[in-house]
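**Student:** Need coordinates for the following:
(one chain, ligands or ions: 2)
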Amino acid sequence: MDAVIGFLSTLTSAISNCALYSREHVSVDECTRKCLSILEKVLADSTSLEIMLIDDDLIVNKASFKEIGLQTTNLRKRIKRKGLSRIEFLPGVTYDELRTFIPEIVEVDRKIPDFPHIKTGVLEIRTEDAAGAEGVADEDAMGYLTEKIAEVKEIYKDIVRNKRVNVGGMSRAMENLAAGFSMRTNILDLLGYAASREEYTYIHATNVSALSIFQMRTLGVSDKMFLRDIGLAGLLHDIGKLKISREVLGKKAALSEKEWEEVRLHPVYGARILSSLAGLPPLCSIVAYQHHIQFDGKGYPKPELSSMRQHICSQVVAIADCFDALRSARPYKRGLEMKEIFPLMQKDSVRAFNPFLLKNFMYRVHKTLA
Ligand SMILES: [Fe+2]
Ligand SMILES: [Fe+2]
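**Tutor:** Numbering: from 1, shown residues only. Ligands and ions are numbered 1, 2, ... in the order given. Next up, the predicted model:
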């Protein structure tokens, strides 16, 4: 992580120096060499270094860099002004490539050239009617998704029953599921309803997973690995509840304050369980820890740093989680209808949810109803 932070800050300096002086200036050359040396170290242990810009959040190798307090404002602005949402550095990147690429970021009106080891792209962040061009989701696609959702549900059921996680199998199943989503997927037809408390545990997890992938996909994200990771994070968000007593979780009457205290620990338990599982993306433990922290920083658990912001993927999962909880019937409440759910969530939007994400979600769900 330190090397990635070093790379981002050196890259920011190199780009700023280009803008301040000229592309030939000695400081640009120095920063480029430093960037290359850090990049080579990072790429020695991974297949790529990927920088994504989503809703003004800088995501580097799937981790949000707002959270760790790195000053990335200038880099974000430069990338945005250039019209880029994704930059990926691949092993083998050379000094010449970097030395050409860095000044190109400063040139706003020029199309960025192709590089063998630096891939760039736009993430197609669509917030209005652009999805209409995609055509209607066909029956084959829905059949495929229904099948893949059933597989994911079985995997979560196995986790709940046997308290063991096959990370490889689960990741492959999620990758297959994520691959079936399009901007026009009829998400409501894919959501399951639980007939019992036990069923609720794994149907809710699967629904939250599908709803999270759906949101990311409708925001224009098409990167398969990213969609897989948000799907896994959605699926595992409540895994910490496995540590809460059955009596408390199944209680039909109102919970006492002590019982609530126990329930409120499930994000901490979840993050602990997931961070101990080799091969899982770190995003899963981040989301498990943060899914009950609100957009305004309230909620639970109390963030250790007051400056800590909820990761954008936690915001996506929080919307999916609340939506599915409201629409589901439980022993102590009826399931709400769509027309009742959105006014409730909107009432809370500024406080509890990222308003941009909620607006996109509501819009997309309404499109599937139309
Ligand atoms: Fe939860
Ligand atoms: Fe949940």
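**Student:** from here on, contacts and neighbour counts on C-alpha atoms
**Tutor:** OK.
**Student:** tell me the contacts of residue 99?
**Tutor:** With contact set as CA atoms under 8 Å, 6 or more residues apart in numbering, residue 99 has these partners: 29, 32.
**Student:** And the pLDDT for it?
**Tutor:** At residue 99, the pLDDT value in this model is 92.
**Student:** Spell out the secondary structure type for it.
**Tutor:** Under DSSP: H, G, I helix; E, B strand; the rest coil, residue 99 falls in the helix class.
**Student:** distance of residue 104 from residue 29?
**Tutor:** 14 Å (CA to CA, to the nearest Å).
**Student:** can you check residue 277 too?
**Tutor:** Distance, residue 277 to residue 29, using CA to CA: 42 Å.
**Student:** Ok, residue 204 next?
**Tutor:** With CA to CA as the criterion, residue 204 and residue 29 are 53 Å apart.
**Student:** Quick check on the two: which one has the bigger neighbour count.
**Tutor:** With neighbours defined as other CA atoms under 10 Å, residue 204 and residue 29 compare such that residue 204 has more, 24 against 18.
**Student:** burial measure for residue 332, as a count.
**Tutor:** 11.
**Student:** just residue 281 next, same as before
**Tutor:** Residues within reach of residue 281, counting by other CA under 10 Å, total 21.
**Student:** what about residue 3, neighbour count?
**Tutor:** Each residue near residue 3 was counted by other CA under 10 Å, and the total is 12.
**Student:** State whether it and residue 43 are indeed in contact, as I suppose.
**Tutor:** No - contact criterion CA atoms under 8 Å: residue 3 and residue 43 do not qualify, at 10.2 Å.
**Student:** ok, longest helix in this structure?
**Tutor:** Criterion DSSP state H: the longest helix present in the chain is helix 139-162.
**Student:** contacts for it?
**Tutor:** The list of residues contacting helix 139-162 from outside it, by CA under 8 Å, 6+ apart, reads 164-165, 170, 173-174, 176-177, 180-181, 185-186, 190, 202-203, 205-206, 210, 235, 242.
**Student:** Over to stretch 272-292?
**Tutor:** Residues contacting stretch 272-292 (CA under 8 Å, 6+ apart): 62-63, 167-168, 229-230, 232-234, 236-240, 267-268, 270-271, 299-301, 310-311, 313-315, 317-318.
**Student:** Emit the ChimeraX select command for whichever of these are buried.
**Tutor:** Buried residues among the contacts of stretch 272-292 (16 or more other CA atoms under 10 Å), as a ChimeraX selection:
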select :62,63,229,230,232,233,234,236,237,238,239,240,267,268,270,271,299,300,301,310,311,313,314,315,317,318
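**Student:** how many other residues sit next to the closest residue to residue 121 other than its chain neighbours?
**Tutor:** Nearest residue to residue 121 in three dimensions, chain neighbours excluded: residue 86, at 5.1 Å (CA to CA, 6 or more residues apart in numbering). Using other CA under 10 Å, residue 86 is surrounded by 20 other residues.
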